[in-house]
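Undergrad: Coordinates only, no sequence provided:
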């Protein structure tokens, strides 16, 4: 009965929606141009069509891309039969997940019997990934499980897949229905190239503004907001057959260091760690949503006090005492990369493999030397420091994950089916929908912005010094603003802009009615030279708007900066939305997902911290741990 009326409606919606849809552009780190280059436009306002104030142009029907089905109930008979047939070396191999390399992958499968791979790099193509996963499945006796970082969709690692704004944009949108769709889209695209595990969502509660590695990868600084967004994403991903990974336990949001290059130290009370950073794990694992939990290479002194730096990845207090015992989690635990300095600062690969499994790890991710990791585990079993029962427990968890994604039956993917999924227009529309709802503002003065048609506007596009997953060039902002405002001059500012150039720009800016500064850096800082320039422009006294298509914390660089707008990601549609907002063609619809101390409003949907159900127990850890 419903179909009779659905088809005509769908046809109307398709016609409406396809007019507003444009294919996703290529993400680039735009070439640095001379600081004095002008990109003005001769567009006349009488040819600019009004922009509709729409949060998104979403299809009003189910996703039209092919689905691979939801996660399945595990086949316990297959799990036990497979486990019983394995030798010790085969079991240990299942516990290792190296990084994929075409030159070594075959040998790692056939000789060392690894259980799967993670795909790295931001320039993969879907066809290459699918060819690799299908090939490797054809040469293994136990089906392999493949993983990828997909915090911003599969497009975070695959150039022709769908790229989503970074998580803090989703937190700003507070659009749970769109985040659920993001989970579904990401799952469909991952499964279309043979990927079974997504390393996400990020459960880190970003309480440290200068955090150099989490920041906009987090949904925000409120545990309740993180729980709501992450649950929405996971429910969508599960419905389309993707295993999710909660990371980085017990939290990476309070760090001032980057565990890729050092071992960060977090010196907070256990009650604070539990009530803020572990709270999302307690809530979501308690709701049965956990597939894998990834450990953090971060030293929490309240859990492991003393003079010996000890990352949570190797901490039995964190992984067994808290995660297993307190939170009652019985799923798989995977390490963060064993190649990171935060881990290697504490132990060698050989020793860390043994210590990590003793502490609670089931899967060792990306050891620098697979042989060393296997030898460390094998010697520990032979010596009796790790029991065969503990190895069986880990492998059983791994096989259960494989069974839940339909292995061994669904080991291969048809390339033609994959081609109909990757980058589907419905998928890109959802990403754009999130982007259009994510722009927030602070310290706004209505008499300054939006710009009016008569005003001469100078736009400074700051080159970015860093990127995460992707970095879109500033032309997506400047081109859209030029389309909407004809009296515009645009300059690109290099990270090493000189003092002479700074003086020239400030002198030039005095001749304009409004100044717009665009930053695309995902970190809480810009270059020191750029910072000096922006401060000089603020001090000039002209109405100035600072637009961050990246970190919200850049507002802290300028105590007297007014008219601050943030989209939390350099995603192409966020940049376009920033241009529409500053030109008065779109409303501000985003909420601040992080709390500032200088008057920035609290999001109206901001949740309360979950009830501290186990604070007394955690305080005992702080008191009695050796």
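TA: Great, that's in hand. Quantities reported herein were computed from a predicted structural model and do not represent experimental measurements.
Undergrad: Show me the domain layout of this protein.
TA: The record assigns the chain these domain ranges, following automatic domain parsing: 25-52+433-582, 243-394.
Undergrad: With respect to residue 120, which of these lies nearest?
TA: domain 243-394 (8.3 Å; Cβ to Cβ). C-beta: built from backbone N, CA, C; applies to glycine.
Undergrad: In the protein, where is pLDDT below threshold?
TA: Confidence mapping of the chain against pLDDT under 70 gives the ranges 1-61, 596-626.
Undergrad: quick one: the helices in the stretch 301-450 of the chain?
TA: Taking DSSP state H, counting those that start in this stretch as the test, the helices found in the stretch 301-450 of the chain are 316, 341-344, 349-359, 370-383, 388-404, 415-419, 425-436.
Undergrad: Distance to residue 571 and mean neighbour count added to those helices, as a markdown table?
TA: Putting those into a markdown table (distance: least, Cβ to Cβ, whole Å; neighbours: other Cβ atoms under 10 Å) gives the following:
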| stretch | distance to residue 571 | mean neighbour count |
| --- | --- | --- |
| helix 316 | 40 | 16 |
| helix 341-344 | 29 | 21 |
| helix 349-359 | 36 | 23 |
| helix 370-383 | 36 | 19 |
| helix 388-404 | 31 | 19 |
| helix 415-419 | 24 | 14 |
| helix 425-436 | 5 | 25 |
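Undergrad: The ones you listed: which one's closest to residue 332?
TA: If you check each of the helices of the stretch 301-450 of the chain against residue 332 by Cβ to Cβ, helix 388-404 wins as the nearest, at 4.4 Å.
Undergrad: Specify the angle between that closest one and helix 349-359 in degrees.
TA: An angle of 80 degrees separates the directions of helix 388-404 and helix 349-359 when computed by axes from the mean of the first three to the mean of the last three Cα atoms, to 10 degrees.
Undergrad: Any idea how far helix 388-404 is from the middle of the chain?
TA: Computed by Cα atoms, centre = their mean, to the nearest Å, the chain-centroid distance of helix 388-404 equals 27 Å.
Undergrad: thinking again about what came up before, looking at the helices of the stretch 301-450 of the chain, which is nearest to residue 80?
TA: Counting by Cβ to Cβ, residue 80 lies closest to helix 388-404 out of the helices of the stretch 301-450 of the chain; the figure is 8.0 Å.
Undergrad: elements contacting the closest one?
TA: For helix 388-404, the contact count by 3 or more Cβ pairs under 8 Å, 6 or more residues apart in numbering; DSSP states H and E identifies helix 76-84, helix 88-94, strand 145-149, strand 332-334, helix 349-359, helix 370-383 as packing neighbours.
Undergrad: Among those, which comes closest to residue 495?
TA: Minimum separation from residue 495 across the helices and strands packed on helix 388-404 (Cβ to Cβ) falls at strand 145-149, 26.0 Å.
Undergrad: burial of residue 68, as a residue count?
TA: For residue 68, the neighbour count with other Cβ atoms under 10 Å is 18.
Undergrad: For residue 136, give me the backbone phi and psi.
TA: As for residue 136, its main-chain torsions (degrees, to the nearest 10) stand at phi -60, psi -40.
Undergrad: I'd say it and residue 108 touch.
TA: No. Counting by Cβ atoms under 8 Å, residue 136 sits too far from residue 108 to count as a contact (9.2 Å).
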